[in-house]
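Undergrad: Any chance you can model this:
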Amino acid sequence: MGFIDGVGGAFVFSHDPKRLANWYADNLGLAFEGSDSAGAYYLTFWSLDPDDPTRRLDTHFSIIRAQTPMNRPVPQPEPESMYGDQPFMVNLRTRDLDALVANLESRGVAILKRENEPYGKFAWIRDADGNRVELYQPLQAVPS
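TA: Numbering: from 1, shown residues only. You can find the predicted model right below:
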C-alpha cells in the first residue's frame with residue numbers, strides 16, 4: 001500500500017497573483033476564488049476515488065503571492081523539447097484541445113508547439129508571467 005493517493009494541488013507563485021489569475025480566467029476560462037488582500041487565488045477540481053466512489057477527491061490550482069524574487073527568463077528561441085528546462089510546469093486537461101487552441105490564438109496567445117501521441121494531444125503556451133503551461137486532451141480508450 002502506498003502512502004500517497006493523488007496530487008492535492010499545484011501552486012504557482014507570482015508577484016501579481018491577481019493579474020495572473022485574471023489571465024488564466026480570461027484565456028482559459030478558469031474561475032478563481034480568493035482575493036488580492038489574501039494574496040492568493042485558487043480553484044478546486046473534484047473527482048471521485050475509483051476505489052471508493054463515495055469519497056470525493058479535490059485538487060487545487062492556486063496562484064499565490066511570491067515572497068521572494070521570481071526570475072522567469074523566457075528562452076529564445078524556445079527549446080526543441082518542452083520538458084526539463086524550468087522548475088515546474090502545470091498540465092491542464094481539456095476535452096477539446098483544437099477549440100481551446102483556436103480560442104487562444106484568436107486572443108493573441110502564442111502556441112509554442114503541438115504534438116499528438118497515441119494517448120493524447122498536447123499544446124504548450126506561456127502564461128502572463130512567462131511560465132510554460134502544458135494543455136492536454138487525453139484520447140478516449142476505444143472499448144474492444
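
Undergrad: what's next to the biggest strand by length in the chain, contact-wise?
TA: Determined from DSSP state E, the single longest strand within the chain is strand 52-65. With contact meaning C-beta atoms under 8 Å, 6 or more residues apart in numbering, strand 52-65 is reached by 6-15, 17, 20-21, 24, 30, 32, 34, 39-49, 90. Where C-beta positions appear, they are placed from N, C-alpha and C, glycine not excepted.

Undergrad: How is this protein divided into domains?
TA: Listed domain ranges for the chain are 7-68, 81-144 (source: automatic domain parsing).

Undergrad: So which of these is nearest V74?
TA: domain 81-144 (4.8 Å; C-beta to C-beta).

Undergrad: related to what we said a few turns ago, in TSV: the domains of the chain, plus distance to V74 and mean pLDDT.
TA: Output for the domains of the chain, formatted as TSV (distance: least, C-beta to C-beta, whole Å; pLDDT from 0 to 100):
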stretch	distance to V74	mean pLDDT
domain 7-68	15	94
domain 81-144	5	92
